[in-house]
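*Asks:* 3D model of this:
(2 chains)
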Amino acid sequence: MSRFFNALRDGVGFDILLVGAALLFLLALAGAPLLYNVLMSFQQVDMFTLGVLFRPFVGFDNYVAVVRQPEFWLVTRNTLIFVFGSMSGQFVLGFALALFFAQKFPGAATIRGLFLVSWVMPGLVVGAIWSWILAGDFGVLNVILKNLGIIQANVVWKSDPNFSIWAVIIANIWLGLAFNMLLLSVGLAAIPRDLYEAAELDGANAFQRFWTITLPMMRSTIGAVLSLGLIGTLQQFDLFPALTEGGPANTSNVAGYWSWQLSFQLYDFAKGATVSVMMFVLVLFASIIYVRSTRHEVRG
Amino acid sequence: MQFVKLGLLAGLAVGALVAATPASAQVTLKVWSIDGNDRPGIADTFSKEFDDANDDIVVEYRYIPFDELVNETLRAFATGNAPDIVSFDNPDFALFSSRGAMLDITDRVANSDIIGKAEYFQGPLNSVTWDGKLFGLPKYTDTIGIFYNKDMFAAAGLTEPPTTWAQVVDYAEKLTDPTHNVYGATFSARAGEEGTFQFLPIIQMSGGDANKVNTEGAAQVLDLWKEMIDNGWASRDVLSLGQWDSTGTFNAGNAAMAISGPWEIDRMVEDAKFDWGVALLPTITEGGERSSALGGFNWGIMSTTQHPDEAFRLLEYYVSQEDRLFPEFGNLPARGDIALPVTGVEKKDAALKVFQEQLQYANPRGPHPDWQKISKAIYDAMQQALTGQMSSMDALNQAQATIDTIFN
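*Replies:* Numbering: from 1, shown residues only, chains lettered A, B, ... in the order given. Got it, this is the predicted structure:
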């Protein structure tokens, strides 16, 4: 018995105990709902069977029905535009800002801190503010663009099918910028200074230093930022109800919002679950990249 | 030791308290509604009054936000914790009544001295009826008409409000004044229930309904709406504006006509610095079929209740107090036998008269258990047509195909 407690205190048992607690937590709060969701996507769900686990099994009917919805391909296209538009915007601007604030100038750290404001704000608040900025007739963005001579007539960001998804992307880039910048700043700070000094002595110019030192040294950070960005973008919800509600005519609807609409507005829980399972496959893909890119960190 | 003593004393005190409450068979009724969050509403006020007046019944009132009401009730019903009485938005009602989740009160209403089924407007009554049986009662109602800015009309040489949709477009062109940021008309064609709320009446005017949306007339009016948007006689933002915000632009003098309902009146009296009036919702042809949207909430007793008799008594109490709906809460009763008191505000009284007349033409959305899916098909089609992604007829045909799968 005492051997058992000894093992628990300072042997393998203790490790197992710690890992087990975390694993149990994960299984209960992430694993079980996930499996339940997958199960639901193969079942026929209505209000009377909402509370039970075993419902009529319908095979792939829900998947077929979802793909057959007239808006399916539009939503797929929008999701891809939204994910890649938001991610590249967030990443490129975030990287640029991170590099900018990595230069030593007075107040750099303070101003960088101020950027976090956008990250702290709740999505709904950000959505409401951008909703005013992007308003068609009296929005401030149109006034600025007009005075700069970039546009002649007002762009109705939220109601024009050609711009509606971009309206949400613009707001989302702003929202996710600080997070990207912060993570990339940490990555930049971890690169040893002497590498740059040595390169400078060897006559490498700024671009060469960026290409041969900064980027390779940031590989794992960039991988992490991009996969977290993908997950965060797919998760983005608050901006949609605040800005466009997926309209006009689904031109700004994406998988995440669509799944919510199906479940909680149309009360078609099975189809909502089906869409989220489809999204899960995408996120799984991102998670694999993330795990691979951070794997060697753990070993080190 | 001291603590143990204290604990014992406390236990005794609690026991005494429990014993002191009347041991008579008390019935607890749970009532859920969206009322009473920021200001006193119908359900919370009346429930408390009934609770105070009846010693044998305890009413537990619970406020639930609008967006969560249906989901919360679905969950509660599925797990056997449903309330006794619940108040739903009228298009959501059929989801429950059609599946036996609401108590059939046809006979109880017929035998009631307080509730007179004949007094209710037909539209609201249809929304609580399923399969010929009565599963609830209308709580209050509202509808939409067309507000117009009389000063702008006079300036443009117009005297009467438009009576057909073609006239709306014609007037909108005359009333539009880009130099002063004035649009001819505003409405809500949003991707949501509000969009369907404003467009379904058009389908109904053209002889269609929720089960038949691809009518000639509906396509014609969609073309007219599109013409207004394309020509800048209505803002393209009507596609994302809700009714409250859309009418806000009317109040600010940025639109000469607005489609909305009686809930706007109080704010308009405050905000609008011009002379305004309301007219019945225009028709497709002169003197053509009338229709309008039917808003408002319904009461219903859930079929799982343990105390149907007491719940019905509470329902009767709600109905007996309906003459207070307008003076105290600003809501229109869904009955023709309650005269609205004169408020003394001239424009408000005139507007209310129009809306009371309009209510006779108000048609419910559905009722259908899959209403939300039908609604999405309708507002999606409306938006596809208005943004020019599809012709009006093609968009309505596509909606019809979706709707056919729901009805068949």
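*Asks:* tell me who's in contact with residue 57.
*Replies:* No chain specified, so I'll use chain A. With CB atoms under 8 Å, 6 or more residues apart in numbering or on different chains as the criterion, the residues that contact residue A:57 are A:42-44. C-beta: built from backbone N, CA, C; applies to glycine.
*Asks:* meant chain B actually
*Replies:* Counting by CB under 8 Å, 6+ apart, residue B:57 has contacts B:26-29, B:50-51, B:310, B:313-314.
*Asks:* buried subset of these as a PyMOL selection?
*Replies:* Typed into PyMOL, the next command selects the buried ones out of these (criterion: 16 or more other CB atoms under 10 Å in any protein chain shown):
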select buried, chain B and resi 27+29+50+51+310+313+314
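*Asks:* can you give me the helices in the stretch 1-150 of chain B?
*Replies:* Under the criterion DSSP state H, counting those that start in this stretch, the stretch 1-150 of chain B carries helices at the ranges B:2-20, B:42-53, B:66-78, B:90-97, B:106-111, B:122-127, B:150-155.
*Asks:* just to revisit the earlier point, reformat the contacts of residue A:57 as CSV; add secondary structure.
*Replies:* Written out in CSV, the entries for the contacts of residue A:57 read as follows (DSSP: H, G, I helix; E, B strand; the rest coil):
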residue, secondary structure
A:42, coil
A:43, strand
A:44, coil
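*Asks:* what helix or strand is the residue most central in space within chain A located in?
*Replies:* Here the mean C-alpha position of chain A is nearest to the C-alpha of residue A:232 (CA atoms, centre = their mean), at a distance of 1.6 Å. With secondary structure defined by DSSP states H and E, residue A:232 is part of helix A:219-235.
*Asks:* let me see the mean pLDDT of that helix.
*Replies:* The average pLDDT for helix A:219-235 rounds to 87.
*Asks:* what packs against it?
*Replies:* Under the contact criterion of 3 or more CB pairs under 8 Å, 6 or more residues apart in numbering or on different chains; DSSP states H and E, the helices and strands touching helix A:219-235 comprise helix A:72-102, helix A:164-189, helix A:255-260, helix A:269-299.
*Asks:* closest one to chain B among these?
*Replies:* In this view, these are compared for proximity to chain B by CB to the nearest CB, and helix A:164-189 is the closest at 8.2 Å.
*Asks:* how far does the closest one sit from the chain's center?
*Replies:* 10 Å (CA atoms, centre = their mean, to the nearest Å).
*Asks:* next, the angle from it to helix A:219-235.
*Replies:* Using axes from the mean of the first three to the mean of the last three CA atoms, to 10 degrees, one finds that helix A:164-189 and helix A:219-235 are set 150 degrees apart in direction.
*Asks:* for helix A:164-189, buried residues please.
*Replies:* By neighbour count with 16+ other CB under 10 Å, helix A:164-189 contains the buried residues A:164-185, A:187-188.
*Asks:* same for it, what does it pack against?
*Replies:* With contacts defined as 3+ CB pairs under 8 Å, 6+ apart, the secondary structure elements packing on helix A:164-189 are helix A:72-102, helix A:117-120, helix A:123-133, helix A:219-235, helix A:239-243.
*Asks:* out of the ones you listed, which is the most enclosed?
*Replies:* Most buried of the helices and strands packed on helix A:164-189, by mean neighbour count (mean count of other CB atoms under 10 Å in any protein chain shown): helix A:239-243, with a mean of 23.
*Asks:* center of chain B, which residue is that?
*Replies:* The C-alpha lying nearest the average C-alpha coordinate of chain B belongs to residue B:295 (CA atoms, centre = their mean; 2.3 Å).
*Asks:* quick revisit: can you redo the helices and strands packed on helix A:219-235 as JSON lines with mean pLDDT?
*Replies:* Rendered in JSON lines, the data for those read as follows (pLDDT from 0 to 100):
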{"stretch": "helix A:72-102", "mean pLDDT": "93"}
{"stretch": "helix A:164-189", "mean pLDDT": "92"}
{"stretch": "helix A:255-260", "mean pLDDT": "93"}
{"stretch": "helix A:269-299", "mean pLDDT": "80"}
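*Asks:* closest to residue A:24 out of the ones you listed?
*Replies:* Distances from residue A:24 to each of the helices and strands packed on helix A:219-235 were compared by CB to CB, and the smallest falls on helix A:269-299, at 20.5 Å.
*Asks:* list the buried residues for that closest one?
*Replies:* The neighbour-count check on helix A:269-299 (16+ other CB under 10 Å) flags A:269-280, A:282-283, A:286, A:290, A:293 as buried.
*Asks:* next one: residue A:156 from residue B:241, what distance?
*Replies:* Noted for residue A:156: a distance of 11 Å to residue B:241, by CB to CB, to the nearest Å.
*Asks:* now do the shared contacts for those two.
*Replies:* Shared contacts of residue A:156 and residue B:241, counting by CB under 8 Å, 6+ apart, come down to residue B:235.
*Asks:* residues contacting residue B:397?
*Replies:* By CB under 8 Å, 6+ apart, the contact set of residue B:397 is residue B:214.
*Asks:* where's it relative to residue A:9, distance?
*Replies:* When distance is defined by CB to CB, residue B:397 is 74 Å away from residue A:9.
*Asks:* what do you get for residue B:328?
*Replies:* Counting by CB to CB - residue B:328 and residue A:9 are separated by 69 Å.
*Asks:* mind checking which of these two has more residues around it?
*Replies:* Between residue B:328 and residue A:9, counting by other CB atoms under 10 Å in any protein chain shown, residue B:328 is the more crowded of the two (13 against 10).
*Asks:* with adjacent residues omitted, what lies nearest to the more buried one?
*Replies:* Take residue B:328 and drop its neighbours on the chain: the residue closest to it by CB to CB, 6 or more residues apart in numbering or on different chains is residue B:45, 7.7 Å away.
*Asks:* same question for residue B:330.
*Replies:* The shortest distance from residue B:330 to any non-neighbouring residue, by CB to CB, 6+ apart, is to residue B:266 (6.6 Å).
*Asks:* could you check the pLDDT of the one you found?
*Replies:* Per-residue confidence at residue B:266 stands at 87 (pLDDT).
*Asks:* pretty sure it is in a helix, no?
*Replies:* Yes - secondary structure of residue B:266 (three-state DSSP): part of a helix.
*Asks:* list the contacts of the closest residue to chain B within chain A.
*Replies:* Among residues of chain A, the one nearest chain B by CB to the nearest CB turns out to be residue A:247. It sits 2.8 Å away. Contact partners of residue A:247, counting by CB under 8 Å, 6+ apart, are A:159, A:164, A:253, B:190-192, B:239-240, B:379, B:383.
*Asks:* out of these, which is most surrounded?
*Replies:* Busiest of the contacts of residue A:247 [other CB under 10 Å] is residue B:240, holding 33 neighbours.
*Asks:* surely it touches residue A:158?
*Replies:* Yes - with contacts defined as CB atoms under 8 Å, residue B:240 counts as touching residue A:158 at a distance of 4.3 Å.
*Asks:* what sits in contact with each of those two?
*Replies:* A:243-244.
*Asks:* for the stretch 201-350 of chain B, what lies in contact range of chain A?
*Replies:* Of all the residues in the stretch 201-350 of chain B, those in contact range of chain A (CB under 8 Å from any CB of the partner chain) are B:235-240, B:249, B:254.
*Asks:* which one of the contacts of residue A:57 is nearest residue A:106?
*Replies:* For the contacts of residue A:57, the residue nearest residue A:106 by CB to CB is residue A:42; the value is 60.7 Å.
*Asks:* what's the burial count for that closest one?
*Replies:* Here the number of neighbours of residue A:42 (other CB under 10 Å) works out to 19.
*Asks:* from what I can see it touches residue A:54, true?
*Replies:* No - Residue A:42 sits out of contact with residue A:54 when judged by CB under 8 Å, with a separation of 11.3 Å.
*Asks:* looking at the helices of the stretch 1-150 of chain B, which is buried most?
*Replies:* Taking mean count of other CB under 10 Å as the contact definition, the stretch among the helices of the stretch 1-150 of chain B with the greatest mean neighbour count is helix B:90-97, which reaches a mean of 26.
*Asks:* report whether that one contacts chain A.
*Replies:* Yes - if you take CB under 8 Å from any CB as the test, helix B:90-97 does meet chain A, through B:95-96.
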